[in-house]
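In: Task: produce atomic coordinates for the following.
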Amino acid sequence: HRRSPHINDRLPRLLDHCPELETTHDLVRRFAAMLDTRDATSLSEWLDDLANTGLAPLTGLAGALREDRHAVAQG
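Out: Numbering: from 1, shown residues only. Below you'll find the model as predicted:
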């Protein structure tokens, strides 16, 4: 609901053509939902999914967030 109609039209087609972007988009939306609800109960599962993407930058991010997991959950 926050995106422009132009983006709403193009995003699904873009995600269909790039599985890595679709995975990243899903993970970002799930993380945003945790922030919106201020509920970190699914953080462990989310970190596992992040680490298991097979995408080196996301795997590295998962490792860094796990190292300081308490602060991440508190944030």
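
In: Mind jotting down where the helices sit in this protein?
Out: For the chain, the helices defined by DSSP state H occupy 5-17, 19-37, 43-51, 56-67, 69-74.

In: any idea how far the first one is from the chain center?
Out: Once both centres are worked out by CA atoms, centre = their mean, to the nearest Å, helix 5-17 turns out to sit 18 Å from its chain's centre.

In: Sort out which residues of it are buried, please.
Out: residue 15 (16 or more other CB atoms under 10 Å). For every residue, glycine as well, the C-beta is placed using N, CA and C.

In: repeat for the fourth one
Out: If you call a residue buried by 16+ other CB under 10 Å, then helix 56-67 has these buried ones: 58, 61-62, 65.

In: CSV please, covering those residues and showing distance to residue 37 and pLDDT.
Out: Shown next, in CSV, are the buried residues of helix 56-67 (distance: CB to CB, whole Å; pLDDT from 0 to 100):
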residue, distance to residue 37, pLDDT
58, 22, 93
61, 21, 91
62, 21, 92
65, 18, 89
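
In: hmm, back to that, worst mean pLDDT among the helices of the chain?
Out: Across the helices of the chain, helix 69-74 has the smallest mean pLDDT, namely a mean of 79.

In: on contacts alone, who are the packing partners of that helix?
Out: In terms of contacts (3 or more CB pairs under 8 Å, 6 or more residues apart in numbering; DSSP states H and E), helix 69-74 is packed against helix 43-51.

In: Now do the end-to-end distance for stretch 37-54.
Out: Length of stretch 37-54, first residue to last, CA to CA, to the nearest Å: 28 Å.

In: one step back: including distance to residue 51, could the buried residues of helix 56-67 go into CSV?
Out: Below are the buried residues of helix 56-67 laid out as CSV (distance: CB to CB, whole Å):
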residue, distance to residue 51
58, 8
61, 9
62, 4
65, 9
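
In: Fine, thanks again, bye for now.
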